[in-house]
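S.K.: Mind looking at a prediction? Sequence and model below.
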Amino acid sequence: MTDPGSPFVLAASAEMLFVDLPMERRIRRLHDAGFHVEIWDWRRHDLDRLARLHRDGVTFTSMTGYIRGTLGDRAGADELLATAAESIPVARRIGAWALNLHGTGLDDRGLPVVALPEGQEPDAAMWEQAHETLTRIAELGAREGVTFVLENLNRAVDHPGVPFAAAADTLALVSAVDSPHLRLNLDLYHAQIGEGNLIDLCRRALPWIGEIQVADVPGRCEPGTGEINYPGVARALADMGYAGVVGLESFASGDPAAALAAFRAAFGAAFG
């Protein structure tokens with residue numbers, strides 16, 4: 001437990017906080033402040049240093065669990081499976097619990113490598129292929145003893161054209177596969193932009209949630225900087241019995257230490 005008395009395990013993204021520091025120092029700052037740590041694309045990191053940090057006591061809760069590929073077409077699915085398999089030894093080496101997936105690969109700006117045309121949604125064939133792809137992912141996870149998580153995104157602001165972006169889409173896919181080796185990474189920042197009604201969404205998704213990520217709207221900064229009542233969300237999650245990871249995947253509106261304090265105030269022992 002990262003915050004004694006909190007019902008949740010609190011983590012924070014080293015990709016978005018203390019961004020003026022080298023990565024190793026960012027991770028140590030988060031660890032020293034009492035948080036678990038999340039990273040994105042493992043290829044951009046010095047894996048020897050990450051492994052050393054893990055040996056020193058840093059807990060990595062999640063990392064990107066693939067390099068290339070997409071859910072909704074056969075060639076992309078094969079590529080997704082192959083690169084997910086490449087990611088598993090890295091996750092084991094640094095002790096990362098969750099391997100994160102998206103509807104398609106994202107470039108350096110968060111834009112989809114394979115995008116849907118504006119206004120278009122996945123068709124029946126894409127849905128069928130996505131279900132097959134994720135079934136294969138869950139089988140890979142079961143063989144290797146790891147857990148993949150599928151993250152919802154928003155198409156209106158950050159990730160236009162991503163297929164299967166909505167929380168309703170990721171929930172439908174993950175619940176249909178219904179495997180302990182494939183869970184949801186329910187990102188409430190993205191869900192607020194795309195769908196709203198967050199507490200009801202959490203309640204409907206609860207049996208399949210592997211992790212929850214948070215940032216406020218608008219701006220993608222820490223809780224308390226926007227419109228989401230995160231203490232209310234925290235109380236509702238606790239009442240539902242959720243006791244897993246809540247990850248701060250946000251920028252800091254000012255001082256990163258103050259952003260972490262705001263996050264802890266919303267989801268830590270004193271949130272009630």
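M.R.: Perfect, I can see it now.
S.K.: From now on I want contacts and neighbour counts done on CA atoms only, so please keep to that.
M.R.: Will do.
S.K.: how about Ala138, what does it touch?
M.R.: Thr147, Phe148, Val177, Ser179, Pro180, His181, Leu182 (CA atoms under 8 Å, 6 or more residues apart in numbering).
S.K.: who's the first one bridged to?
M.R.: It refers to Thr147. Here Thr147 sits in beta bridges with Ala98, going by DSSP bridges.
S.K.: and the two most separated of the contacts of Ala138?
M.R.: By the measure CA to CA, Thr147 and Val177 form the most distant pair in the contacts of Ala138, at 13.2 Å.
S.K.: neighbour count winner among these two?
M.R.: Taking other CA atoms under 10 Å, Thr147 and Val177 do not tie; Thr147 has more neighbours (24 against 20).
S.K.: SS state for the nearest residue to Ala115 once chain neighbours are set aside?
M.R.: Spatial nearest neighbour of Ala115, excluding adjacent residues (CA to CA, 6 or more residues apart in numbering): Gly161 at 4.6 Å. Assigned by DSSP: H, G, I helix; E, B strand; the rest coil, the conformation of Gly161 is coil.
S.K.: Contacts only, for Gly161.
M.R.: Leu111, Pro112, Ala115, Leu116, Pro117, Glu118, Arg155.
S.K.: switch the cut-off to 7 Å
M.R.: Counting by CA atoms under 7 Å, 6 or more residues apart in numbering, Gly161 touches Pro112, Ala115, Leu116, Pro117, Glu118, Arg155.
S.K.: Return the residues in contact with the third one.
M.R.: It refers to Leu116. Contact partners of Leu116, counting by CA under 7 Å, 6+ apart, are Gly161, Val162, Pro163.
S.K.: Please give the element, helix or strand, for it.
M.R.: Assigned by DSSP states H and E, Leu116 belongs to no helix or strand.
S.K.: From His131, how far out is it?
M.R.: Leu116 is 18 Å from His131, where distance means CA to CA, to the nearest Å.
S.K.: okay, which residue is most central for the protein?
M.R.: Centrality entry for the chain: nearest residue to the mean C-alpha point is Asn185, 4.6 Å, by CA atoms, centre = their mean.
S.K.: ok so it is a strand residue?
M.R.: Yes - assignment of Asn185 by three-state DSSP places it within a strand.
S.K.: Need the pLDDT of it.
M.R.: pLDDT for Asn185: 98.
S.K.: I'd like the distance between it and Pro22.
M.R.: Asn185 is 27 Å from Pro22, by CA to CA.
S.K.: Val157 now?
M.R.: 28 Å.
S.K.: can you check Arg93 too?
M.R.: 21 Å.
S.K.: Comparing the two, which residue is more hemmed in?
M.R.: Arg93 (15 against 9).
S.K.: I'd guessed that one sits against Arg49; true?
M.R.: No - counting by CA atoms under 7 Å, Arg93 does not reach Arg49; the two are 10.9 Å apart.
S.K.: His159 and Leu111 touch, don't they?
M.R.: Yes - contact criterion CA under 7 Å: His159 and Leu111 qualify, at 5.3 Å.
S.K.: tell me, how many neighbours does Arg220 end up with?
M.R.: Arg220 has 18 nearby residues by other CA under 10 Å.
S.K.: what's the residue lying closest to it once chain neighbours are set aside in contact with, if anything?
M.R.: Distances taken as CA to CA, 6+ apart put Ser250 closest to Arg220, at 5.4 Å, once the chain neighbours are dropped. For Ser250, the contact set (CA under 7 Å, 6+ apart) comprises Met16, Ala215, Arg220, Cys221, Glu222.
S.K.: From those residues, pick the one nearest Asp3.
M.R.: Of those, the one sitting nearest to Asp3 (CA to CA) turns out to be Glu222, at 17.4 Å.
S.K.: Can you get me a residue count around Asp255?
M.R.: 12.
S.K.: So for it, what's the pLDDT?
M.R.: 98.
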